[in-house]
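Engineer: Please work out how this folds:
(2 chains)
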2 protein chains.
Amino acid sequence: MADLSTCRPLTRASVVEAHELIRPFVHRTPVLTNCTIDEFASTPRTAKELEGTPWELAENTVERPAQPKLRLWFKCENLQRIGAFKARGAFYAIERLKQEPGWAAGGGFSKGVVTHSSGNHAQALALAARTAGMPAHIVMPQISAAPKVAATRGYGANVVFSGSTAPERLAVADKVMAETGARMVPPYDHPDIILGQGTAGLELQEQVVEAKDAGVAATGTKGAQPTAFLRAPTSVPPSTPNPGLDAIMAPCGGGGLLAGTVLSAQGTGIRVFGAEPSLDGADDCTRGLAQGKRIETVSSLTIADGLRTPVGVHNWAVLTGKTPKSQGQGVHGLYAVGEDQIRAALRLLLERMKLVVEPSSAVPLAVALYNEEFRRRVEKEAGPEGWDLGIVLSGGNVSLESFGTLFPS
Amino acid sequence: MADLSTCRPLTRASVVEAHELIRPFVHRTPVLTNCTIDEFASTPRTAKELEGTPWELAENTVERPAQPKLRLWFKCENLQRIGAFKARGAFYAIERLKQEPGWAAGGGFSKGVVTHSSGNHAQALALAARTAGMPAHIVMPQISAAPKVAATRGYGANVVFSGSTAPERLAVADKVMAETGARMVPPYDHPDIILGQGTAGLELQEQVVEAKDAGVAATGTKGAQPTAFLRAPTSVPPSTPNPGLDAIMAPCGGGGLLAGTVLSAQGTGIRVFGAEPSLDGADDCTRGLAQGKRIETVSSLTIADGLRTPVGVHNWAVLTGKTPKSQGQGVHGLYAVGEDQIRAALRLLLERMKLVVEPSSAVPLAVALYNEEFRRRVEKEAGPEGWDLGIVLSGGNVSLESFGTLFPS
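Structural biologist: Next up is the predicted model:
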């Protein structure tokens, strides 16, 4: 990892720079929309749908379910290289390392990089390192699923096994660093990783503007509508004051993607929200913001397994607007949902959008559809105009074998 | 259904006309590519991969597996309205009906349409009829899965139950016609349906040319690459003699999509191939072509459940080049694959392309990857240049609950 002192400042301009740097290596993933899901999002939940959730209506209440109007734009990072947004941060980290004065001369290319991860970051770093022509040492728990080990080796990485606890994994990573001189590239808690992940939000903002422009320009002409999902041109008023998104929601695990998204929207007027699972306290960031203090440990078995991690230190600073150039502007809100809501949103993404996504990717949509606090906020802040809400589908690496458990027949 | 005598001739020009007519109602679905799958398709199968297939190598043989070079372009009709290409034929049939002299004056709009189907055609016709403001009566076997019935009703159709055999279903459909005056719109065996389905092939041809043009033009510029999957510009020689596809492969059940694809390629020099499952004789069209005679019944439980149907009469005429204006040009070949090959191709589409497709959609890819006869033909006809092969992913309507059976843990 590039030394902290050499990192670019945590600003939108640095995300733009990061984007220039990694553009040759990552996909500009498509942005899709879906009328059926928009309609469902813009329909009030029924009393029955809210039963058993924290927003269950009391009997004989005069309260009514929220009535937000939402147009959703899905940024398909499940279609990114290695199947998740993590490719962005990994490629950027490697590119920054290559630029570090003295790193190459000190044998950096033969020493390579190391990380501890059994998930998407492992594959992302393996691919980025191989592309740059350097070794990647990936520390994985001995109990990792065989396909994950195979996938990481498939990208040419050297897999080193460890025990399952965090200290055991870190100890093995330290040993690898001592023996090989490899640099650590952590999965989320580093400015370079945050800046790299932020490029997804940047592209999403650009693509929605492009899509609206194309929609307006394309009335009656052929070919200009790039995907099946773009809303019909007539639904985009030509003189709309906001040409793009009103808000973006991203899932929050370690917080690399969410913090990067916050930076990507700095100064644009676009609100950024985070989405978490609530099971077993996996909503650490939601709770931490309420308490004004980062929560440091999480132990949850939520199906959104990419979001079982507590928010990192650098990530927390960005989310709370505590970085030097943030001018106090952090994330606009965090919202959590239960397992049933995540599963219902996952079903819609699979059945209606025909996209394979991992459960973590379904959490923001679950918030938009089911979290009444969020929905009341949209109703109140957006009024009858509603919001164009970008949703980051973070990844699609889910084993087909797990579907039998997720959706039993 | 429009009267046969009023149907447009079965030619490419009629497919182009059909496309103009249905353009406001259907999605121009995206065309995606995938480097990993291209590489796998362009790698010879190993002796082990061929074990247990009809192309198993004999011990000590001097024969070697085929070495084709393939660049695949996937036309994502799983992202079409109602989740399958069937929307195309249904919308075209309805539009043609509206144009039939005397139909509207005779109360056509209040009499509506009828069909017998429990699958994608039922939903497609229901949507097309609702859009045109006329009733749709859908005859479904009493034993149909509840979600299919619900989905069809969800599009506003009147579901009428029948027994499960073909004669029972037709008898109920006849009764509905007698009682309501509704017109029959059959699922595949009609010129209008064939012409409507052909529009998918037409778009695919256009989109590949556009993508190659954009790829060449986009070197180093931003935004011009519409999807994540377009091959890097450098792999497209600017002066390539063939600007688009060399061939298209579509699945073959009743033959509406395949026959339409044949028409869409008429006179373009693009070869069209059909793909079938081989289980229990579901390869009726492959066998029929070999025997020079249409096979009229099929009874197969292949997982590719959209392809359990024998080829229709009009479809057969197109596929065998026996229509008045075909000049003898029909389909260039039919190829079949087993259940294991279909399941392996389905896995790649789900895991690598992150697309939800129904098993029938995986059959053409299975042929391209595993059918050694087809692969030898590509090697021989294309040489080291290889082929740009379009593959129609026909639909994505699969129940999530079936994944547990398809991919047991």
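
Engineer: Just give me the neighbour total for the residue in the stretch 1-150 of chain A that chain B sits nearest to.
Structural biologist: Residue of the stretch 1-150 of chain A nearest chain B, by CB to the nearest CB: A:His27 (3.4 Å). Any C-beta I mention is one placed from the backbone N, CA and C, and that applies to glycine too. Residues lying near A:His27 (other CB atoms under 10 Å in any protein chain shown) number 18.

Engineer: So it sits against A:Gln80, correct?
Structural biologist: Yes. Judged on CB atoms under 8 Å, A:His27 makes contact with A:Gln80 at a distance of 5.5 Å.

Engineer: Confirm the residue of the stretch 1-150 of chain A closest to chain B sits in a helix?
Structural biologist: No. A:His27 is assigned coil when assessed by DSSP: H, G, I helix; E, B strand; the rest coil, not a helix.

Engineer: got a list of what A:Glu17 touches?
Structural biologist: Contacts for A:Glu17 (CB atoms under 8 Å, 6 or more residues apart in numbering or on different chains) come out as A:8, A:195.

Engineer: Which strand or helix spans it?
Structural biologist: helix A:12-22 (DSSP states H and E).

Engineer: Mind listing what's buried along that helix?
Structural biologist: Residues of helix A:12-22 classed as buried by neighbour count (16 or more other CB atoms under 10 Å in any protein chain shown): A:12, A:14-16, A:18-19, A:21-22.

Engineer: Next, format these as a markdown table and append distance to A:Gly288 and pLDDT.
Structural biologist: Listed next are these as a markdown table, based on distance: CB to CB, whole Å; pLDDT from 0 to 100:
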| residue | distance to A:Gly288 | pLDDT |
| --- | --- | --- |
| A:Arg12 | 24 | 97 |
| A:Ser14 | 25 | 98 |
| A:Val15 | 24 | 98 |
| A:Val16 | 29 | 98 |
| A:Ala18 | 26 | 98 |
| A:His19 | 29 | 98 |
| A:Leu21 | 31 | 97 |
| A:Ile22 | 30 | 98 |
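
Engineer: is it possible to export those residues to TSV including distance to A:Glu339?
Structural biologist: Compiled in TSV, these are given as follows (distance: CB to CB, whole Å):
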residue	distance to A:Glu339
A:Arg12	35
A:Ser14	36
A:Val15	33
A:Val16	37
A:Ala18	34
A:His19	35
A:Leu21	38
A:Ile22	34
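
Engineer: Please list all residues in contact with the closest residue to chain B within the stretch 301-409 of chain A.
Structural biologist: Across the stretch 301-409 of chain A, the shortest distance to chain B (CB to the nearest CB) belongs to A:Gly404, at 2.9 Å. Counting by CB under 8 Å, 6+ apart, A:Gly404 touches B:403-405, B:407-409.

Engineer: Return the closest of these with respect to B:Asp280.
Structural biologist: B:Thr405 (17.9 Å; CB to CB).

Engineer: I'd guessed the closest one sits against A:Phe403; true?
Structural biologist: No. Counting by CB under 8 Å, B:Thr405 does not reach A:Phe403; the two are 10.0 Å apart.

Engineer: Name the residue in the two with the higher neighbour count.
Structural biologist: Just comparing B:Thr405 and A:Phe403: by other CB under 10 Å the higher neighbour count belongs to A:Phe403, 22 against 11.

Engineer: residues in contact with the closest residue to the more buried one other than its chain neighbours?
Structural biologist: Using CB to CB, 6 or more residues apart in numbering or on different chains and skipping the chain neighbours, the partner closest in space to A:Phe403 is B:Phe403 (3.6 Å). Counting by CB under 8 Å, 6+ apart, B:Phe403 touches A:400, A:403-404, A:407.

Engineer: Next, format these as JSON lines and append secondary structure and distance to A:Ile37.
Structural biologist: As requested, the contacts of B:Phe403 are arranged in JSON lines below (DSSP: H, G, I helix; E, B strand; the rest coil; distance: CB to CB, whole Å):
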{"residue": "A:Leu400", "secondary structure": "helix", "distance to A:Ile37": "23"}
{"residue": "A:Phe403", "secondary structure": "helix", "distance to A:Ile37": "20"}
{"residue": "A:Gly404", "secondary structure": "helix", "distance to A:Ile37": "25"}
{"residue": "A:Phe407", "secondary structure": "coil", "distance to A:Ile37": "18"}
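
Engineer: Go through these and name the one nearest B:Ala366.
Structural biologist: Nearest to B:Ala366 among these, with distances taken as CB to CB, is A:Leu400, at 16.1 Å.

Engineer: correct me, but that closest one touches B:Arg347?
Structural biologist: Yes. Using CB under 8 Å, A:Leu400 makes contact with B:Arg347 at a distance of 6.4 Å.

Engineer: quick one: which of the two has more around it?
Structural biologist: Each of A:Leu400 and B:Arg347 has its neighbours counted (other CB under 10 Å); A:Leu400 has more, 17 against 14.

Engineer: Count the residues that sit near the closest residue in space to the more buried one that isn't next to it in sequence.
Structural biologist: Of all residues not flanking A:Leu400 in the chain, B:Phe407 sits nearest, at 4.0 Å (CB to CB, 6+ apart). For B:Phe407, the count of nearby residues is 18 (other CB under 10 Å).

Engineer: Can you check what pLDDT the model gives A:Ser409?
Structural biologist: A:Ser409 carries a pLDDT value of 82.

Engineer: tell me the secondary structure for it?
Structural biologist: Relying on three-state DSSP, one would call A:Ser409 coil.

Engineer: who touches the spatially closest residue to it that is not a sequence neighbour in this structure?
Structural biologist: Nearest non-adjacent residue to A:Ser409, counting by CB to CB, 6+ apart: B:Glu401, 3.8 Å away. Applying CB under 8 Å, 6+ apart, we find B:Glu401 in contact with A:407-409.

Engineer: can I assume B:Glu401 sits in a strand?
Structural biologist: No. Going by three-state DSSP, the assignment for B:Glu401 is helix, not a strand.

Engineer: Could you find which two of the contacts of A:Gly404 are furthest from each other?
Structural biologist: Most distant of the contacts of A:Gly404, by CB to CB, are B:Thr405 and B:Ser409, 11.1 Å apart.

Engineer: Write out the residues of chain A neighbouring chain B.
Structural biologist: Counting by CB under 8 Å from any CB of the partner chain, chain A comes close to chain B at A:23, A:27-30, A:76, A:78-80, A:83, A:206, A:210, A:222-223, A:225-229, A:347, A:350-351, A:354-357, A:396, A:400-409.

Engineer: What remains of those if I keep only buried residues?
Structural biologist: A:27-30, A:76, A:78-80, A:83, A:206, A:210, A:225-229, A:350-351, A:354-357, A:396, A:400, A:402-404, A:406-407.

Engineer: Filter the residues you listed down to the ones in helices?
Structural biologist: Those of those mapping onto helices are A:206, A:210, A:350-351, A:403-404, A:406, per DSSP state H.

Engineer: what separates stretch A:379-391 from the chain centre, distance-wise?
Structural biologist: 21 Å (CA atoms, centre = their mean, to the nearest Å).

Engineer: let me redo that: stretch A:320-333
Structural biologist: With CA atoms, centre = their mean, you get 18 Å for stretch A:320-333.
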